[in-house]
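Engineer: Give me coordinates for this.
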Amino acid sequence: MTTTAPSDVRPDPPESPGDGSLAEFGYRQELHRSLGRYASFAAGFSFISVLTTVFQFFAFGYAFGGPVFFWTWPAVLVGQLMVAACFAELAARYPISGAIYQWSSRLSNLSFGWFAGWIMVIGQIVVVAAAALALQMVLPAIWSGFQLVGSDPTPTSADGAANAAVFGVILLVLTTLVNVLDNRVMSVINRVGVTAEIIGAALIIVLLFTHSERSPGITFHTAEGSTGLFGALMVGSFMAAYVMIGFDSAGEMSEETRDPRRTAPRTILTALGAAGLLGGLIVLGGLLAAPSLTDGRLGIEGLSYVLTSTLGDGVGRALLADVVVAIAVATLAIQTAASRMLFSMARDGRLPFSARLAKVNPRTGMPNAPALVVGVLAAAVLLLNFASPEAFLAIGTTCIVMLYLAYAMVTGPLLVRRLRGQFPGPDGVDEEGRPLFSLGRWGIPVNAIALVYGLFMTVNLAWPRAAVYDPAGGHWYFQWFTVLFLLVTVALGCLYRWQSAHRGHVAEEEGAPLEVPAESSR
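Structural biologist: Residues are numbered from 1 along each chain as shown. The predicted structure is shown next:
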């Protein structure tokens, strides 16, 4: 792995007191270390973005599972908390950009870690596109004039899909611009946006519960006409699975965070915990306050229908405007995380055009080229929406599968290390002299649950169900889209690796596990 010798380490920017963590790994401080604890929390919370994802996929979950799909939320939350706890340990020991790539490489070997990073960054690019598409679930509900293409705002209709792509591209232009300005500007937008989202989510919860039409017992009811509870729950879990990803972004921003060994582990867990609590209450409140559970609108229009019908147009639209802010900030945060992954892999010389992708603007402290690449590629993914409305769901599910698989490529090697007694190693301290975050004796059971859960959900999400991915029939490629996309991603990665090795660009000892650095003996 190509790194910079510690003797070449530059002092941190004036506004960014350093902690020496990068010098320990042979990198120099180029990104500006200016993010505090709340900004780190905002990075993870805005990627998860409860309002964006719940509003985007509530209708889908309800359509397949009925009210009982609510119980998939706490189940997914518990599984993801196991993953987040493992990531919190790693963030304390490896506070480096490109978290999934760096962690997997150091726990297994460089080849395996490279594929984890490759799958993760491709998945993040697709997540950026999926998040931008969420505007279609909200803007037309605020004002019909936002339906620029045709007249049907339903995301799964031809008009709705095309309109979603138009607004998605517009949003990507704006987020790309912010991503090349300055990380302080990005941080301010993130913090303001997350604050607005939390306030908006709290207001939505209070208003929904004070307008309840039924008791929580409704959550034990299945969808009308449902034939299999297990199958309905497996599909209904898509919404929760899509919402609760991206908490690792707090670790992704470690090189720009003050006291990252202490801050990142906390914000990884608090971002997921806060999102899990708020999202669960919003889902439950939506089910309790919906004007009707049987008129079909809840399975088509989702929570936007509940807000405008129950709270009135004025209040409902004001809250939906807050959702628009959440969507914009989420898209920005996801694009930033993907940019840092590209930067980290390029800095090690492990991507095409690495020299350009690894270049950091010394004035802004931002890697501009990765942000542009992510924005352009995400916009290209959005073009699928013009081809067919089914692309809306295919894009959303594909990105979840990619991230879940990349997560498993970290928790798997980590479990192997634990079983061999090679993790976490000697006790260490954070920037304030306190012990690093550790699961202690709970490490193996928590890690095992995290791995099994992640692999199970990866298979569940990727399973080519015709009723889910090709309900109209005749589009076999959408039914198999996620599987095909993953195979193509791996094939392209293999091709690049083969060409790099053939040209002598990859110098590594295949199959040899990396030694865990003595990160604890700081």
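
Engineer: Tell me which stretches of this protein form strands.
Structural biologist: Remark: strands of the chain are absent; assignment by DSSP state E.

Engineer: so where's it shaky on pLDDT?
Structural biologist: Counting by pLDDT under 70, the chain contains low-confidence ranges at 1-21, 223-228, 389, 425-427, 431, 504-522.

Engineer: Tell me which residue is most central in it.
Structural biologist: In the chain, the residue lying closest to the centroid (CA atoms, centre = their mean) is Gly246, at 2.9 Å.

Engineer: which residues sit in contact with that one?
Structural biologist: Residues near Gly246 by CB atoms under 8 Å, 6 or more residues apart in numbering: Gly44, Phe47, Ile48, Ser49, Val127, Ala333, Ile334, Ala337, Leu403. Quick note: C-beta positions are derived from backbone N, CA and C, even for glycine.

Engineer: residues contacting the residue lying closest to the first one once chain neighbours are set aside?
Structural biologist: Put plainly, it is Gly44. Spatial nearest neighbour of Gly44, excluding adjacent residues (CB to CB, 6 or more residues apart in numbering): Ala271 at 3.2 Å. Each residue near Ala271 by CB under 8 Å, 6+ apart is listed here: Phe41, Ala43, Gly44, Phe45, Ile48, Phe247, Ser249, Ala250.

Engineer: Most neighbours among those, which one?
Structural biologist: Ala250 (36 neighbours; other CB atoms under 10 Å).

Engineer: Next one: the closest residue to Met409 other than its chain neighbours from Ala467, what distance?
Structural biologist: Leaving out its chain neighbours, the residue that sits closest to Met409 by CB to CB, 6+ apart is Ala116, at 3.8 Å. Distance, Ala116 to Ala467, using CB to CB, to the nearest Å: 32 Å.

Engineer: Identify the residues contacting Asn447.
Structural biologist: By CB under 8 Å, 6+ apart, the contact set of Asn447 is Met82, Cys86, Thr411, Leu414, Leu415, Arg418, Leu439.

Engineer: Quick check: the two most widely separated of those?
Structural biologist: Greatest spatial distance in the contacts of Asn447: Met82 and Arg418, 13.4 Å, computed using CB to CB.

Engineer: picking that back up, save the contacts of Asn447 as JSON lines, and put in distance to Ile205 and neighbour count too.
Structural biologist: As requested, the contacts of Asn447 are exported to JSON lines (distance: CB to CB, whole Å; neighbours: other CB atoms under 10 Å):
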{"residue": "Met82", "distance to Ile205": "26", "neighbour count": "22"}
{"residue": "Cys86", "distance to Ile205": "30", "neighbour count": "26"}
{"residue": "Thr411", "distance to Ile205": "32", "neighbour count": "27"}
{"residue": "Leu414", "distance to Ile205": "35", "neighbour count": "25"}
{"residue": "Leu415", "distance to Ile205": "37", "neighbour count": "21"}
{"residue": "Arg418", "distance to Ile205": "38", "neighbour count": "19"}
{"residue": "Leu439", "distance to Ile205": "31", "neighbour count": "17"}
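
Engineer: These in helices, which ones?
Structural biologist: Met82, Cys86, Thr411, Leu414, Leu415, Arg418 (DSSP state H).

Engineer: wait, isn't the third one in contact with Leu451?
Structural biologist: Yes: the pair Thr411 and Leu451 passes the contact test of CB atoms under 8 Å, sitting 4.5 Å apart.

Engineer: which one among the ones in helices among the contacts of Asn447 gets closest to Ala290?
Structural biologist: Within these, proximity to Ala290 (CB to CB) peaks at Met82, which comes in at 31.8 Å.

Engineer: Return the residues in contact with that closest one.
Structural biologist: By CB under 8 Å, 6+ apart, Met82 lies in contact with Val446, Asn447, Ile449, Ala450, Tyr453.

Engineer: switch to 7 Å and redo it
Structural biologist: Val446, Ile449, Ala450, Tyr453 (CB atoms under 7 Å, 6 or more residues apart in numbering).

Engineer: ok, the residues you listed vs Asn179, which is closest?
Structural biologist: Closest to Asn179 out of the contacts of Met82 is Ala450 (30.6 Å), distances taken as CB to CB.

Engineer: Next one: Gly375 from Ala241, what distance?
Structural biologist: Going from Gly375 to Ala241 by CB to CB gives 25 Å.

Engineer: My error: substitute Arg340 in the last question.
Structural biologist: 23 Å.

Engineer: Please report how far the closest residue to Thr336 other than its chain neighbours lies from Trp71.
Structural biologist: Of all residues not flanking Thr336 in the chain, Asn179 sits nearest, at 5.9 Å (CB to CB, 6+ apart). To Trp71, Asn179 is 38 Å away according to CB to CB.

Engineer: do the same with Glu390
Structural biologist: With CB to CB as the criterion, Glu390 and Trp71 are 27 Å apart.

Engineer: Comparing these two, which residue is more hemmed in?
Structural biologist: Ranked by neighbour count (other CB under 10 Å), Glu390 and Trp71 place Glu390 first, with 23 against 16.

Engineer: I'd say the more buried one and Tyr477 touch.
Structural biologist: No: checked against CB atoms under 7 Å, the pair Glu390 and Tyr477 is beyond contact range at 9.3 Å.

Engineer: Need the overlap of contacts for the two.
Structural biologist: With CB under 7 Å, 6+ apart, Glu390 and Tyr477 have no common neighbours.

Engineer: count of neighbours near the residue nearest to Met409?
Structural biologist: By other CB under 10 Å, 26 other residues sit near Ala116.

Engineer: what's the answer for Thr222, then?
Structural biologist: Residues near Thr222, counting by other CB under 10 Å, number 17.

Engineer: can you map out the helices along the stretch 301-450 of the chain?
Structural biologist: Using DSSP state H, counting those that start in this stretch, the helices found in the stretch 301-450 of the chain span residues 303-310, 313-347, 354-357, 368-382, 384-387, 391-419, 443-462.

Engineer: Report the separation between the spatially closest residue to Ile122 that is not a sequence neighbour and Thr482.
Structural biologist: Using CB to CB, 6+ apart and skipping the chain neighbours, the partner closest in space to Ile122 is Thr489 (5.1 Å). According to CB to CB, Thr489 stands 11 Å off from Thr482.

Engineer: okay, the two: which has more neighbours?
Structural biologist: Shown here are Thr489 and Thr482; by other CB under 10 Å, Thr482 has more neighbours (25 against 20).

Engineer: still on that earlier bit, pull the contacting residues for the residue nearest to Met409.
Structural biologist: Neighbours of Ala116 in contact, by CB under 7 Å, 6+ apart: Ile100, Tyr101, Ser104, Ala406, Met409, Val410.

Engineer: was I right about the fifth one contacting Ser104?
Structural biologist: Looking back up the chat, that one is Met409. Yes: using CB under 7 Å, Met409 is in contact with Ser104, at 5.2 Å.
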